[in-house]
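1. Okay, here's the prediction I keep looking at, along with the sequence it came from:
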Amino acid sequence: MAGLTLTSLGGAGTVTGSKHLLEHDGDRILIDCGLFQGQKNLRELNWRPLPVDASSIDAVILTHAHLDHCGYLPRLVRDGFTGPIICTEATRDVAELILKDSAWLQEKDAAFLNRIKKTKHSPALPLYDTRDAQRALDAFITYPFVQPFQTPNGATVRFRRAGHILGAATADIQWGGRRVVFSGDLGKYDDPVMFDPEPVPEADYVVIESTYGDRLHDVSHAAERLAEVVERTTRRGGTVLIPSFAVGRAQTLLYYLWSLRHSGQLPAVPIYLDSPMAINASRLMSDHPNDHRLDSPTSKAVDSLATYTRHPEDSKRISRSREPKIVISASGMATGGRILHHLKVFGPDRRSTILLAGYQAAGTRGRSLLQGAEDIKIHGEWVPINADVANLPGLSAHADASGLMRWLAGFRTAPKKVFIVHGEPQAADTLRSRIDRDLSWKAVVPQQNQVFKL
């Protein structure tokens with residue numbers, strides 16, 4: 001198709017698997033390259049070939065390094081992609097943690113299925129392995145915020161801060177006589193750790209996420225509610241167990257806990273960060289001091305708040321301990337990782353609280369807990385949930401509906417069209433209606449693989 005076109009190969013009608021393809025006269029740029037997560041029918045999409053040949057893609061522009069935006073990169077490389085993967089410096093460092101861990105898990109899961117001989121395919125194979133992850137990392141090229149640069153096929157790109165997590169950027173792409181701006185995932189305004197999303201002056205087309213397009217965060221009382229949960233749980237001798245995304249959420253949680261302890265509002269109970277990836281991500285904060293709000297003394301104080309547990313035996317000791325405590329562990333939606341072992345121990349405990357502090361996608365254990373499940377399946381066993389389940393959406397790293405509208409209001413002139421992606425159907429359509437009502441802009445919710453001529 002001649003001219004410039006946009007196709008969402010993922011992240012359309014769902015909050016996961018973000019992949020947006022720009023094509024111009026036979027050349028191709030992929031914006032983000034994420035894994036599908038959550039429900040089985042979504043996860044199975046990871047195994048289907050992309051509708052375009054990986055070797056035909058000239059470059060990948062990466063907005064940030066969460067798995068649902070970067071986790072498919074090793075598979076793209078395995079399938080023949082040989083171009084550059086372009087992002088900010090901090091995003092590259094975070095991606096190294098994410099992709100190596102993801103590859104290790106892929107290999108581990110395949111080996112487990114082969115060992116128990118419970119697989120439809122013999123032998124079970126990983127989606128990609130550590131060699132693929134390293135080949136993807138070797139293809140990374142970084143650019144600073146604001147500085148324009150050119151892709152190999154002649155597009156001019158500029159990164160601006162998106163907030164959200166370390167290194168996260170919006171992507172302003174000028175190509176084929178059009179200017180297309182991708183929001184990536186936008187962070188909250190006035191966040192204590194990350195900078196505000198930066199405004200973009202103009203665009204012909206905008207592609208915006210809609211994770212929280214239908215709701216608002218009660219940010220003003222997030223710290224107070226966190227303190228209440230901790231005080232109530234520890235008073236009855238329980239454990240506050242927090243499933244957390246290793247990158248972004250864990251660091252924000254530690255900041256809030258430090259702030260509460262610093263002001264005398266937090267009980268003197270042990271705090272554990274039980275996730276090797278989250279520990280490594282926390283240390284990246286000091287490697288990129290210009291990418292967040294915390295000054296050096298505060299950053300060091302936050303870093304020293306928790307006991308970091310890297311080794312499995314230390315993690316097991318946490319589960320065996322019956323003393324009141326706070327445990328932050330991955331993964332954030334309880335889809336895997338050490339949090340599952342803690343849930344098996346503390347989920348049945350009426351004294352304890354499971355604190356959900358971020359978005360819980362459909363089909364995950366986190367969503368089941370949020371919806372009041374009386375038991376959840378872990379490692380083939382049904383585990384009763386007698387612990388309290390609390391939800392603190394105000395700690396999310398995503399902008400809410402008002403934040404998304406505030407970022408859109410930063411454009412000086414109306415774009416020709418807004419494409420609403422990376423949201424469940426109700427959230428995306430609610431944001432579409434609000435854009436129409438409040439801004440009188442044309443907005444559309446793309447379907448996966450739907451082609452739009454720009």
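-> Okay, I see it.

2. tell me, how many neighbours does the closest residue to P270 other than its chain neighbours end up with?
-> Closest residue to P270 apart from its sequence neighbours, by CB to CB, 6 or more residues apart in numbering: K325 at 4.6 Å. For every residue, glycine as well, the C-beta is placed using N, CA and C. For K325, the number of neighbouring residues by other CB atoms under 10 Å comes to 21.

3. Poorly predicted segments of the stretch 201-350 of the chain, please.
-> Along the stretch 201-350 of the chain, segments meeting pLDDT under 70 span 219-220.

4. State the distance from T252 to L226.
-> Distance, T252 to L226, by CB to CB, to the nearest Å: 11 Å.

5. hang on, the residue nearest to P270 packs against P267?
-> No. If you go by CB atoms under 8 Å, K325 and P267 don't touch, sitting 10.1 Å apart.

6. follow-up on the earlier one: for the residue nearest to P270, give me its contacts.
-> Listed by CB atoms under 8 Å, 6 or more residues apart in numbering, the contact set of K325 reads 234, 239-240, 269-272, 318.

7. Tell me, what's the model's pLDDT at the most centrally placed residue in the chain?
-> In the chain, the C-alpha nearest the mean C-alpha coordinate belongs to H66, at 4.1 Å (CA atoms, centre = their mean). H66 is assigned a predicted lDDT (pLDDT) of 94.

8. distance of it from H164?
-> Distance from H66 to H164, by CB to CB: 8 Å.

9. tell me, what's touching those two both at once?
-> Any residue near both H66 and H164 by CB under 8 Å, 6+ apart counts here, and that gives 185, 248.

10. Would you mind giving the secondary structure of D109?
-> When classified by DSSP: H, G, I helix; E, B strand; the rest coil, D109 comes out as helix.

11. Can you tell me, leaving aside adjacent residues, what's nearest to it?
-> Distances taken as CB to CB, 6+ apart place P126 nearest to D109, at 7.1 Å, with adjacent residues excluded.

12. Same check on L45?
-> Nearest to L45 is F36, by CB to CB, 6+ apart, at 4.7 Å.

13. To which secondary structure element type does that neighbour belong?
-> Applying three-state DSSP: F36 is coil.

14. Give me the secondary structure label for V345.
-> Recorded secondary structure, V345: helix (three-state DSSP).

15. List the contacts of it.
-> By CB under 8 Å, 6+ apart, V345 lies in contact with S319.

16. cool, and T413?
-> E202.

17. if I look at it, how far off is P201?
-> 9 Å.

18. what's the answer for V157, then?
-> Distance from V157 to P201, by CB to CB: 15 Å.

19. just K188 next, same as before
-> 22 Å.

20. Could you do G10 as well?
-> 29 Å.

21. Compare those two (neighbour count), which wins?
-> Per other CB under 10 Å, whichever of G10 and P201 has more neighbours is G10, with 28 against 10.

22. what pairs with the more buried one across the strands?
-> K19 (DSSP bridges).

23. tell me the contacts of it?
-> 16-19, 34, 36, 45, 72, 448.

24. Next one: it relative to L392, how far apart?
-> Between G10 and L392 the computed distance is 28 Å (CB to CB).

25. Same question for L62.
-> L62 is 29 Å from L392, by CB to CB.

26. Look at the two and report which has more neighbours.
-> Set side by side, L62 and L392 show more neighbours around L62, with 28 against 21, by other CB under 10 Å.
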